[in-house]
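**Q** Just the structure for this:
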Amino acid sequence: AGVKECCFKMAVDLSSIHRLTNLSDINRFSHEVTAKERAVDGELDQLLSKRTDLENRFLLLKAPITENLEVVRADCEQLLGSAKSTAELADHISGKVRRLDLAQTRVNEVLESINLILDRTACINGVQAAMDSEDYEVAARHIFTFMDLEAKLSAGGHDAAAIAGLDAGQAESQRQVLLEAKERLEAVVDQRFDEAVAQRDAASATRFARLYKPLGKKNEGLRRFIQYIQMMAAGQARQNYAMIAEQLDSGKRIDWSAALSLLFKDLALTLESHEALVAETFGQEALLELLAGLQSECDTSGGRLIARFIEVQKLPAVVREASGKRGRGGQEGGVDHRGVEAHITQLIGLCRLTEEYNQFILGKMRNAADGALSIAKETSFRSGGLNVGLRELLGHYMALEEVYMEETANMAISIDELIPGSLTSSMVDDVFFIFRKCALRALTTSSVQVISAMLMELNNVLANSLRNALSSKLSSGPAPLMAAVPLDGDDAASPGVLSKAAAGGIGGTSMANLPPAAVAYVTALNNSDVAAEYVTKLKAELEGYLTELFPSSPTGAGDRERVRTVLADLGRTAGDLRQGHIKSLEALADALMPRLRPVMDEMATASYALSEAEYSAGEFGDGWASRLLVVLEATLLWMQPLLTTNNYEGVLHSVLDKVVARLETLLARKAFNQLGGLQLDRDIRALVGHLSELTSRTVRDKFARLNQMALVLGLETVEELADYWGGDSTITWRLSAAEVRSTLAQRTDFSREAIKALPLH
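**A** Residues are numbered from 1 along each chain as shown. As a prediction, this is how the structure comes out:
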């Protein structure tokens, strides 16, 4: 490598010889070549010094490699032979281990089979001893164990079968002995169970019922035990029914709710005393059969009791009679409301008890089915005799409740009278007391069909009878009330009127001071307000019960929505009542406007092109705005003691709407200078400030357009409007751009060209 590098360098140096042109460069180059030659010589000497070492290593490579490879081959052959012998030994040992393991497994199976045979023999001996000593529980356990051992022995391996076959005769003999003992025990259990049932011996019946399962007759045992429970429940039910029949024969009054409650209580106690035994002995799924058996008895006894109640109370005849007298009101021969309500109370009590029992049993059925009770099973449950009777009771209840609701509501309307110290008459409170009572009674049935039907009937009576009664009493309009107002426009503007009104009304306004026609109108107006509010409250109250009444489930959610649909109709009726009431308030507000006309006419003739002196004189507040406030306050405060809060607020704000609209119309016709605009702003502020004291609701928004008109009319220049109009302004404008231009045009000192040039968008 060093030689090549030197030759390369020399070649490079030789290429530069041709560029030499003077002696000094040649001498310098000669010295450089000499120096490089010496360096090359040194490198060659260094390479030659390594020659001896290289030759020694080459001689070592020539050693006898063949001998070494032979040694390695011999070692490998020896290792291979050793590995083969080890593998053969391991395979031989593994085979023996497998055969030993198989033999051990077969020995264990044989030993297990021998133990089974010995246990079977012990069972035979135990059964015989237990039967002799009448220890039937032990005998049943031995029989159950023997049958289990037989099944295991039959399912054993070939060796087990061979061991069993060594004494096949003895095995068959043992089997026959056990089967005979099993037959004897079954006969004993059947006989003793029947004796216990006949003697009403609950302890013995329970004892022998437990023995059917180990005898392999679980289904038969369950069936017979449930029949026994049914018989016991039926006997108690017949005894109770006989007592009721005896009381009826002697003419005594029967508490039918107590009788039905006693039946349900007996059945519930019977269920709770036996359900643990049934679940433990026959399995959890057997509880559904127990419940079905008890419900079958309940359908029979409960249906019979309900049928007797309907017969004794003569409910079909009562319903026909009440329906036939419907519409006669309080006339002679009309519906006996107290008698009808007594029947309703009894019906509701029986329906409520029955539905509570239904929910109790359905809850038990869901628990027995691990919460997955099918709709088909629930439908089957609801198709039994008890629930057929329940539906018949509900049918009678609905017919009587409809008659009661309509007749009592009409009676409350017909006997309407003013309650001393009250703003409303008796009609509203009485009618809604009836509505609420009937609605809550319907809810206690827990039947979505009944609830929906009753709420529809309630809404029908409300939308027809009550609304017609309210409308007829408001049909005369506000004229009777306006005729009773003791103030005319001139008197209203006189000093002292405001103070008298604020002190409690002119002449101490009260219902007693009004003529009958005015009292009737005011009372009807208040009734209309309270009725609309009561409907809304009743709807909200009934909706609050729905979640508790119909729990979260697929059927419960559907039932809730169905009732909510009916309640939505009730909400629409409330809206209709409120709309009618608002129209009546509008009519009263229209009737009040003529009293304000003189002051409004005064404003129409007032000038807003003011001098400095006229503007200064306006500070004393004796203009049209002050006189308008006097008339408004005097009239409204006179009416305030006669009206409900909602009515007073409604009339006041309706009047203000009309006043503001009239003021906007009149002001749009006037010419203004800046002082006139400032005076208008002063008048509007006075109106807003004082009227705010007369109501709990805001009035500022009603005067928003007038305030903005006053702002525009009070500007110094047209261009100043840009400070209030646009994206940076905090004012929400109620006036459109066209209305602003029109208002600016009312200023006599503003240029039309400047107004047109305003960039209003």
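**Q** So for residue 279, what's the pLDDT?
**A** Residue 279 is assigned a pLDDT of 85 by the prediction.
**Q** Buried residues, the helix or strand hosting it. List them.
**A** Mapping residue 279 onto the secondary structure by DSSP states H and E places it in helix 256-282. Buried residues in helix 256-282, counting neighbours by 16 or more other Cβ atoms under 10 Å, are found at 256-257, 259-264, 266-268, 270-271, 274-275, 278, 281-282. Every C-beta, even on glycine, is put in place using the N, C-alpha and C of the backbone.
**Q** How about stretch 361-380?
**A** Within stretch 361-380, the residues scored as buried using 16+ other Cβ under 10 Å are 361, 362, 364, 365, 368, 369, 373, 377.
**Q** I'd say the first one and residue 381 touch.
**A** If I follow you right, that is residue 361. Yes: under the criterion of Cβ atoms under 8 Å, residue 361 lies in contact with residue 381, with a separation of 7.2 Å.
**Q** list the residues that contact both of the two?
**A** Residues within reach of residue 361 and of residue 381 at once, by Cβ atoms under 8 Å, 6 or more residues apart in numbering, are residue 295.
**Q** Can you give the distance from the helix holding residue 279 to the centre of its chain?
**A** With Cα atoms, centre = their mean, to the nearest Å as the basis, the distance from the averaged C-alpha position of helix 256-282 to the chain average is 34 Å.
**Q** can you give me the strands in the stretch 1-150 of the chain?
**A** Counting by DSSP state E, counting those that start in this stretch, the stretch 1-150 of the chain has no strands to list.
**Q** so where's it uncertain?
**A** Under the criterion pLDDT under 70, the flagged ranges of the stretch 1-150 of the chain are 1-20, 58-69, 105, 107-136, 139, 142, 146, 148-150.
**Q** can you give me the helices for it?
**A** Assigned by DSSP state H, counting those that start in this stretch, the helices in the stretch 1-150 of the chain fall at 2-14, 23-48, 51-61, 65-132, 136-154.
**Q** Which residue is the nearest non-sequential neighbour of residue 747?
**A** residue 672 (5.4 Å; Cβ to Cβ, 6 or more residues apart in numbering).
**Q** count of neighbours near that neighbour?
**A** 27 (other Cβ atoms under 10 Å).
**Q** distance of it from residue 479?
**A** The span separating residue 672 from residue 479 equals 39 Å under the rule Cβ to Cβ, to the nearest Å.
**Q** Next: residue 636.
**A** Counting by Cβ to Cβ, the gap between residue 636 and residue 479 amounts to 18 Å.
**Q** Looking at the two, which is more packed in?
**A** It is residue 636, of residue 636 and residue 479, that has more neighbours when counted by other Cβ under 10 Å, with 19 against 13.
**Q** Please identify which helix or strand holds that one.
**A** In this assignment (DSSP H and E), residue 636 forms part of helix 624-639.
**Q** on contacts alone, who are the packing partners of that helix?
**A** Helix 624-639 sits against helix 489-493, helix 497-502, helix 554-605, helix 645-667, helix 674-691, with contacts defined as 3 or more Cβ pairs under 8 Å, 6 or more residues apart in numbering; DSSP states H and E.
**Q** and the angle for that helix with helix 645-667?
**A** Inter-element angle recorded for helix 624-639 and helix 645-667: 160 degrees (by axes from the mean of the first three to the mean of the last three Cα atoms, to 10 degrees).
**Q** okay, helix 624-639 in CSV with CA atoms only?
**A** Presented in CSV, the C-alpha positions along helix 624-639 are these (Å, rounded to 0.1, in the frame of the first residue of the first chain):
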residue,chain,number,x,y,z
TRP,A,624,-101.3,66.2,29.8
ALA,A,625,-99.0,63.4,31.1
SER,A,626,-99.8,64.3,34.7
ARG,A,627,-103.5,64.5,34.1
LEU,A,628,-103.4,61.1,32.2
LEU,A,629,-101.7,59.5,35.2
VAL,A,630,-104.3,60.9,37.6
VAL,A,631,-107.2,59.5,35.5
LEU,A,632,-105.4,56.1,35.0
GLU,A,633,-104.4,55.7,38.6
ALA,A,634,-107.8,56.8,40.0
THR,A,635,-109.8,54.4,37.8
LEU,A,636,-107.4,51.4,38.1
LEU,A,637,-107.0,51.8,41.9
TRP,A,638,-110.7,52.0,42.2
MET,A,639,-111.0,48.6,40.4
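**Q** A helix includes residue 610, no?
**A** No: using DSSP: H, G, I helix; E, B strand; the rest coil, the assignment for residue 610 is coil, not a helix.
**Q** May I ask you to confirm that it is in contact with residue 677?
**A** No: judged on Cβ under 8 Å, residue 610 makes no contact with residue 677 at a distance of 9.4 Å.
**Q** Residue 575: neighbour count?
**A** 13.
**Q** Can you read off the pLDDT for it?
**A** At residue 575, pLDDT is 92.
**Q** Roughly how far does it sit from residue 473?
**A** With the distance defined as Cβ to Cβ, residue 575 ends up 20 Å from residue 473.
**Q** how near is residue 26 to residue 78?
**A** The spacing between residue 26 and residue 78, counted by Cβ to Cβ, is 79 Å.
**Q** Could you do residue 438 as well?
**A** Taking Cβ to Cβ as the measure, residue 438 and residue 78 are separated by 112 Å.
**Q** Can you tell me the SS state at residue 670?
**A** On the basis of three-state DSSP, residue 670 is classed as coil.
**Q** Run through the bridge partners of the residue nearest to it when sequence neighbours are not counted.
**A** What sits nearest to residue 670 in space, not counting adjacent residues and going by Cβ to Cβ, 6+ apart, is residue 608, at 5.4 Å. Beta bridges link residue 608 to residue 672 when assigned by DSSP bridges.
**Q** Help me confirm that residue 608 comes into contact with residue 671.
**A** Yes: under the contact definition of Cβ under 8 Å, residue 608 touches residue 671, with a separation of 7.1 Å.
**Q** Please say which of those two ends up with more neighbours.
**A** Here residue 608 and residue 671 are set side by side on neighbour count (other Cβ under 10 Å), and the busier one is residue 608, at 21 against 12.
**Q** For that one, which residues are in contact?
**A** Taking Cβ under 8 Å, 6+ apart as the contact definition, residue 608 lies against 670, 671, 672, 673, 676, 677, 679, 680, 713.
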